[in-house]
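Fold the following and give me the result.
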Amino acid sequence: MIVNKKVCIIGGFAVGKTSLVRRYVLSEFSPVYKATLGVNIYKYSDKITIQGKDEITVNQVIWDIEGSTTRHELLKNYIRGSAGALVVGDVSREESIDDMIVHAELFNSICHARPMVFAFNKIDLLTAPFTYDDSLYQRFGGLALQTSAATGQAVPELFRALAMRIIELGA
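Next comes the predicted model:
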């Protein structure tokens, strides 16, 4: 079975959205920060297996959307038609975790009942364990993973978790 889906990756500026996508799609990481203006689009094909089913090829068109929260009309156009979203925050900056709610609400207002997976990114920068209030992702019916684009920690799992949720929910 082959499934083609548009997904978006959203969150504040400098939370590592592009780095997560590039780690997943290109298996690379650059510590040089370059802000995304508008949207960057990547294509990636991955194979996933959902319990009790055959292997599924998921062709993803990944929309890496800029981190602005002030250009809602433009962001709405980028998000529209997405089967699901990755919502990203930077664990080393508390305000970016709070911004995840704003981005999740925006996505939900455009693509209601579509799946979301939350990435608490840059986990490699912390020296103590990261804990978070699970009400964020439970409020939107999503999953949450601690990720690191720099080390690759949980990056493939992040994208595959979203793909599985999309298929399971028929989004």
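
If we ignore the residues flanking it in sequence, what's nearest V3?
V58 (5.1 Å; C-beta to C-beta, 6 or more residues apart in numbering). Heads up, the C-betas are built off the backbone N, CA and C, glycines and all.

can you pull up the bridge partners for the one you found?
Counting by DSSP bridges, V58 is bridged to V3, D46.

Next, the contact list for it, please.
V58 sits next to 3, 5, 45-48, 163, 166-167 when contact means C-beta atoms under 8 Å, 6 or more residues apart in numbering.

do A149 as well
Residues near A149 by C-beta under 8 Å, 6+ apart: 16, 19-20, 22-23, 29, 121-122, 155.

What strands line up against the helix or strand harbouring V87, and which way round?
For V87, the host element (DSSP states H and E) is strand 84-90. Using DSSP bridges, the strands paired with strand 84-90 are strand 2-11 (parallel), strand 116-121 (parallel).

Quick check: next helix or strand after the last one?
Using DSSP H and E, the helix or strand that follows strand 116-121 towards the C-terminus is helix 135-139.
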